[in-house]
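In: can you look at this prediction? I've put the sequence above it.
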Amino acid sequence: MSILRFSEGFSLALHSLLIIRASKENVSVVTLSDKLDASVAHLAKIMQRLVKADLVKSKRGPSGGFSISKEDKIPYMTVYKIIDGEYPTSICMFKDEKCTKDSCILGDLICNINNEVYTYLNTKFI
């Protein structure tokens, strides 16, 4: 079991982008689905978001599929924000913060972990 969890959508988006970047040809949603063992419908919705954000291009037809839009490196955080929205800055495990960092039984652990993950997502690139 893992304490740190990212959404399935974020994970699929990251892995899809890595597969697409490594490919010399367009990659179909069916190919991505097979490689990632994911639903074609779910993956298609994720890919639509990446197309709308101009991270990937979509081409129809027999030689169609997805390709990276730009050669620039893409920060993981950019993908996170496209799929899951703003990165959470909460210092509390509760949905509605019940305590402050000073009064939390975990001290500043949650805040430190959030900051470390935030930094990681901003310094890793696809």
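Out: On my side now, so go ahead.
In: please enumerate the strands of the protein.
Out: Remark: strands assigned in the chain by DSSP state E are 56-59, 65-68.
In: ok, which of the ones you listed comes nearest Asn114?
Out: Asn114 sits nearest to strand 56-59 of all these, at 28.4 Å, using Cβ to Cβ. To be clear about C-beta, it is placed using only N, CA and C from the backbone, and glycine gets the same treatment.
In: and that closest one, average pLDDT?
Out: For strand 56-59, the mean per-residue pLDDT is 97.
In: go on, stretch 98-108?
Out: Here the average pLDDT along stretch 98-108 is 78.
In: name the residues that touch stretch 44-51?
Out: 9, 12-13, 16-17, 29, 32, 56-58, 66, 79, 82-83 (Cβ atoms under 8 Å, 6 or more residues apart in numbering).
In: how about a cut-off of 6 Å?
Out: With contact meaning Cβ atoms under 6 Å, 6 or more residues apart in numbering, stretch 44-51 is reached by Gly9, Leu12, Ala13, Val29, Val56, Ser58, Ile82.
In: can you say which of the strands of the chain is packed in most?
Out: When you average the neighbours per residue for each of the strands of the chain (mean count of other Cβ atoms under 10 Å), strand 65-68 leads with a mean of 20.
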